[in-house]
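Trainee: show me how the following folds:
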Amino acid sequence: MTALDSVIASPRLVEIDRIDLSAPAGQVWRRVRHAALAQSPVTRALFALRTLIDRADAAARPPGGVRLDDLISSPRQPGFQIFVDEPPREVVAGAIGQVWRLRIPFVHVEGPAAFAAFAEPGYVKVAWAIRVSPLGDRCSHLELEVRVGATDDAAWRRFRRYFHVIGPASRYIRRSLLRALARELGRPEPGGDQPLAGDQWLPDAARQRTDRIDVAAAPAAIWPWLVQMGCRRAGFYSIDALDNGGRRSARDIHPELQGLAVGDVIPARPDGAGGFEVLELKAPHALVLGGLFDRALSRQLPFAAAGRPSRFWHITWAFVLQPLDGRSTRVTVRVRGAFAATERRRARWLLVAHRMMEAAQLRHLAARAEGRLPSDDWRDVAEGLRGALRMAWAFLTPFLRGRRDRWGFDRVAAARPLPGDELVPAPRWGWTHGVEIDAPAGAVWPWVAQIGADRGGFYSYQWLENLAGCRVRNAERVHPEWQVRPGGRMVLHPEVPPLEIAAVDSGRFFVAHAAPDAGSAAAGAPDVAASWLFLVEPLEAGRSRFVSRYRVAYPDTLRARLAFGPALVEPIGAEMDRRMLLGVKARAEQRAPAV
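Mentor: Next up is the predicted model:
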């Protein structure tokens, strides 16, 4: 935890810039904390960050220069102020205001607790921190972090539009600051040839490449992402089309994949044997993988096998996590290779490919560990567009509604009584969909039992749901804490009243129900009742069927027919439901994790 966490614990925007400097931490701290700041490009860049937000204050700055100590806010002249000062490690400054306005109306608060507690609608809270941490006796690491929070969604939308314009300039200024510091104080040598954990496994390596990235997370938060890597596991977080058979790398930590041990082999291909042997495992600081491969016979040998074949590849792949401070970690990755003379040409293009793949892996690993993965990626968008086309076709083909309403069933099977029917005994419309799954009911039920916008999502067209404001992320693993319970609720949308869980038979079904609302009927709103059944039926040979039945009753008024009838609801709802069933099927049928 950093001092900035006490000021803005749950920001909506986080941006971090870092640099290593050839100066002791104490010297760097004095330079950025107490020196006059308007006489050099370094200091001008630092306070340009403030000017970028507090534009009206720029003309009032005294010509003799400003120090961080000069950031003072008062009830008469509110603005930026120092909230936390922890020499020689971290200083935090911040302000509350409507920064998108030409003359910013700031709000003065007394101290960091008041800043954190401020909740008046219509404002954003901007805070930034400078952190300095030692790298040995002669070098240091400097980190500049900016956070923005908002007191309501409307203020956040206004800030986001403002930051689309001003953001590039803000980033340029911060990076200019770091470059100026580097020119003034120098930068340490990259250190690509310095000894690293895992080097001893391959002392005669002919090629070596070292990459690194600084991640705003502790080693313990990064480590679980590393140990679950591998094809048929969590992927490698790199370019999935090249190293994971096109399957998306995990976006969540999987407890079932955390039991890695020395001697295990992490699959390197979507199918077949072979992969990376775990040579060293020192949680949460060092993971060393390796492999000895016989190219002539297309086989893998034990890493420590006596003798190498005539056409061999012998490699190590080391991941080393070095804490920089209480929150940040330097992840250093080194690949080393020894190979037969006949493999030199192959080594050249493999090194080029590795450079590209490793850079992608480190970027994506940092995004996961820092919790800044976007809700939807290009796959979600592409899938959503395909879903939208299917919905458009359904709008144009109302005469096919009878088939869509019983997708997965014949007419007789779709009409059979099922649990929950008594809640809406005379529906005006509904559907019964089903899909057979090559997995036992016990493996399917946990996925079904966590359905809901505030839990596992709906396993459907996530991008379309988020366009509608559902704020979902479809789960890729089972979360026991999300399992449905009697008396609970199922959230469909943050702004829509949740459905009550009317019945649960654990392992078999649950029914969500919206009962008629007497108060709404009295106010002139349609008197509507709906039920939604989620049923898992065992079949022969360890297979099962997942059934979704939706039933709705509503009055015979134009308003009710438009809002709840099939003309508008069925093309969207039935397609989303069909995709949900297929989403559960794919998850339940996924193969057990490979090691």
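Trainee: so M490 makes contact with I501?
Mentor: Yes. Here M490 reaches I501: they are 6.3 Å apart, a contact under CB atoms under 8 Å. Glycine gets a C-beta too; all of them are placed from N, C-alpha and C.
Trainee: give me the more crowded residue out of those two.
Mentor: M490 (21 against 18; other CB atoms under 10 Å).
Trainee: shared neighbours of M490 and I501, which are they?
Mentor: In terms of CB atoms under 8 Å, 6 or more residues apart in numbering, M490 and I501 are both contacted by the residues 484, 512.
Trainee: show me what contacts L242?
Mentor: Applying CB under 8 Å, 6+ apart to L242 gives the contacts 353, 357.
Trainee: which residue, other than its chain neighbours, is closest to A3?
Mentor: V84 (3.9 Å; CB to CB, 6 or more residues apart in numbering).
Trainee: what about the one you found, which SS state?
Mentor: strand (DSSP: H, G, I helix; E, B strand; the rest coil).
Trainee: show the backbone phi and psi for the spatially closest residue to G387 that is not a sequence neighbour.
Mentor: Leaving aside its sequence neighbours, G387 sits nearest to Y461 (CB to CB, 6+ apart; 4.0 Å). Main-chain torsions, Y461, degrees, to the nearest 10: phi -80, psi 90.
Trainee: now for Y461: which residues touch it?
Mentor: Y461 neighbours (CB under 8 Å, 6+ apart): 380, 383-384, 387-388, 576, 579.
Trainee: what's the weakest-modelled helix or strand in the protein?
Mentor: In the chain, no helix or strand scores lower on mean pLDDT, DSSP states H and E than helix 41-53, which sits at a mean of 47.
Trainee: tell me which two of the contacts of Y461 sit farthest apart.
Mentor: D380 and M576 (13.9 Å; CB to CB).
Trainee: give me the neighbour count for L287.
Mentor: So L287, with other CB under 10 Å, has 25 neighbours.
Trainee: hang on, the earlier thing: tell me the bridge partners for the residue nearest to A3.
Mentor: V92 (DSSP bridges).
Trainee: run a quick neighbour tally on it.
Mentor: Other residues near V84 come to 19 when the count uses other CB under 10 Å.
Trainee: for stretch 181-198, measure first residue to last.
Mentor: Stretch 181-198 has an end-to-end distance of 34 Å (criterion: CA to CA, to the nearest Å).
Trainee: ok, stretch 539-547 next?
Mentor: Across stretch 539-547, the terminal residues are separated by 13 Å (CA to CA).
Trainee: please apply the same query to stretch 222-241.
Mentor: Across its full length, stretch 222-241 reaches 23 Å between end residues, using CA to CA.
Trainee: related to what we said a few turns ago, of the contacts of Y461, which is the nearest to R76?
Mentor: Nearest to R76 among the contacts of Y461, counting by CB to CB, is D380 at 50.1 Å.
Trainee: what about that closest one, distance to M580?
Mentor: Here the criterion is CB to CB, to the nearest Å. By it, D380 lies 15 Å from M580.
Trainee: which one's more surrounded, these two?
Mentor: In this comparison of D380 against M580, neighbours counted by other CB under 10 Å, the higher total goes to M580 at 23 against 20.
Trainee: who's in contact with the residue most central in space within the chain?
Mentor: Centroid-nearest residue in the chain: L373, 3.0 Å away (criterion: CA atoms, centre = their mean). By CB under 8 Å, 6+ apart, the contact set of L373 is 251, 367.
Trainee: help me confirm that it is found in a helix?
Mentor: No. Under three-state DSSP, L373 sits outside any helix and is assigned coil.
Trainee: do you know how far it is from E476?
Mentor: To E476, L373 is 12 Å away according to CB to CB.
Trainee: cool, and E575?
Mentor: Counting by CB to CB, the gap from E575 to E476 is 22 Å.
Trainee: and those two? which has more neighbours close in?
Mentor: Comparing E575 with E476 by neighbour count (other CB under 10 Å), the higher total belongs to E575, at 23 against 16.
Trainee: please identify the helix or strand for that one.
Mentor: Counting by DSSP states H and E, the element that carries E575 is helix 566-589.
Trainee: closest one to P323 out of the contacts of Y461, please.
Mentor: D380 (34.0 Å).
Trainee: care to break this structure down by domain?
Mentor: 3-185, 199-369, 378-589 (automatic domain parsing).
Trainee: and the longest one, how far apart are its ends?
Mentor: This points to domain 378-589. Using CA to CA, the two ends of domain 378-589 sit 24 Å apart.
Trainee: dump the domains of the chain to a markdown table, plus distance to D193.
Mentor: Listed next are the domains of the chain as a markdown table, based on distance: least, CB to CB, whole Å:
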| stretch | distance to D193 |
| --- | --- |
| domain 3-185 | 16 |
| domain 199-369 | 8 |
| domain 378-589 | 38 |
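Trainee: pick out the shakiest of those, pLDDT-wise.
Mentor: Ranked by mean pLDDT, the domains of the chain end with domain 3-185 at the bottom, a mean of 84.
Trainee: how far does that domain sit from the chain's center?
Mentor: 26 Å (CA atoms, centre = their mean, to the nearest Å).
Trainee: ends of that domain, what's the gap?
Mentor: Length of domain 3-185, first residue to last, CA to CA: 26 Å.
Trainee: could you do stretch 146-159 as well?
Mentor: By CA to CA, the extent of stretch 146-159 from end to end equals 14 Å.
Trainee: could you number the chain from 877 rather than 1 from now on?
Mentor: OK, 877 is where the count begins now, so the last one is stretch 1022-1035.
Trainee: show me what that stretch is in contact with.
Mentor: Defining contact as CB under 8 Å, 6+ apart, one finds that stretch 1022-1035 is touched by 880, 883-884, 886-892, 925, 974-976, 994-1004, 1039, 1046, 1050.
Trainee: 7 Å instead, please
Mentor: Surrounding stretch 1022-1035, the residues in contact under the criterion CB atoms under 7 Å, 6 or more residues apart in numbering are 880, 884, 886-891, 975-976, 994-1004.
Trainee: same thing with stretch 1326-1336?
Mentor: Residues outside stretch 1326-1336 that contact it (CB under 7 Å, 6+ apart) are 1341, 1346-1351, 1354-1355, 1358-1359, 1366-1369, 1410, 1452, 1455-1456, 1459-1460, 1463.
Trainee: again, 6 Å this time
Mentor: Around stretch 1326-1336, the neighbours that count as contacts under CB atoms under 6 Å, 6 or more residues apart in numbering are 1346, 1348-1351, 1355, 1358-1359, 1366-1368, 1452, 1455-1456, 1459-1460.
Trainee: isn't the residue nearest to A879 right up against G970?
Mentor: No. Between V960 and G970 there is no contact under CB atoms under 6 Å: 9.3 Å.
Trainee: show me what contacts P1303?
Mentor: So P1303 contacts 1427-1429 (CB under 6 Å, 6+ apart).
Trainee: from those, which would you call buried?
Mentor: 1427-1429 (16 or more other CB atoms under 10 Å).
Trainee: in strands only, show me those.
Mentor: Judged by DSSP state E, those include 1427-1429 as members of strands.
Trainee: pick the one among those residues closest to H1130.
Mentor: Nearest to H1130 among these: R1427, at 36.3 Å, using CB to CB.
Trainee: what residues does the one helix or strand V890 maps to touch?
Mentor: Here V890 sits within strand 889-897, counting by DSSP H and E. Strand 889-897 has contacts (CB under 6 Å, 6+ apart) with 904, 1016-1024, 1050-1051, 1054, 1058, 1061, 1064, 1090, 1092.
Trainee: can you give the strand pairings for that strand, parallel or anti for each?
Mentor: When DSSP bridges is applied, strand 889-897 pairs with strand 1015-1026 (antiparallel).
Trainee: would you confirm that A901 contacts P1010?
Mentor: Yes. The criterion here is CB under 6 Å, and A901 meets it with P1010 at 4.2 Å.
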